[in-house]
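J.: Just a sequence and a predicted model for now, questions to come.
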Amino acid sequence: MIFQQIETDIKLSMLQKENDIRDALRFLKSKIQQTSKDTREEINDEMVISTIKKFIKQNNETLTFSPANSKKIEAESGLWATYLPKQIVVTKELVSKIISHVGAESIRDMGKVMGFVKKTYGGTIDMGNVSTIVKEKLS
């Protein structure tokens, strides 16, 4: 489980006196725990992945509006990204196979395609890229 790996890495960073890594991971751990508390769900990999993605996105937005501390923010995002599963490369061929598998024929079937992709691939695929290609294929 990803959350357990984060906890282990916090302990390791404490032993190695890597305070920046420790602090970034503690922040992430607290946000995951807060998400669990807010949603009243047990911590699972899907929750951890979505929380990590959310905070990486927020860091990127922070860099856009305020480049101060950019090295620290980029380092945090890079560290957090190591806990994400390897992303599947979205290709037109993959999307075509999914469209034919689902039986989508028009743009009205986009919801079926996107639902199948989310259920099948979860956090390992960039839904934005999939959406763009599906729109192109079904239009």
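T.: Good, I have the coordinates.

J.: Need the residue closest to the centroid of the chain.
T.: Nearest residue to the geometric centre of the chain (Cα atoms, centre = their mean): Lys53, 3.4 Å.

J.: right, and it touches Tyr83 too?
T.: No. Lys53 is beyond contact range of Tyr83, at 10.3 Å (criterion: Cβ atoms under 8 Å). To be clear about C-beta, it is placed using only N, CA and C from the backbone, and glycine gets the same treatment.

J.: what's the helix or strand for the residue nearest to the centre of the chain?
T.: helix 45-65 (DSSP states H and E).

J.: Show me what that helix is packed against.
T.: Packing partners of helix 45-65 (3 or more Cβ pairs under 8 Å, 6 or more residues apart in numbering; DSSP states H and E): helix 2-15, helix 19-39, helix 70-81.

J.: Which parts of the longest one count as buried, going by neighbours?
T.: The reference is to helix 19-39. Under the neighbour-count criterion of 16 or more other Cβ atoms under 10 Å, helix 19-39 has Ile21, Arg22, Ala24, Leu25, Leu28, Lys29, Ile32, Thr35, Ser36 buried.
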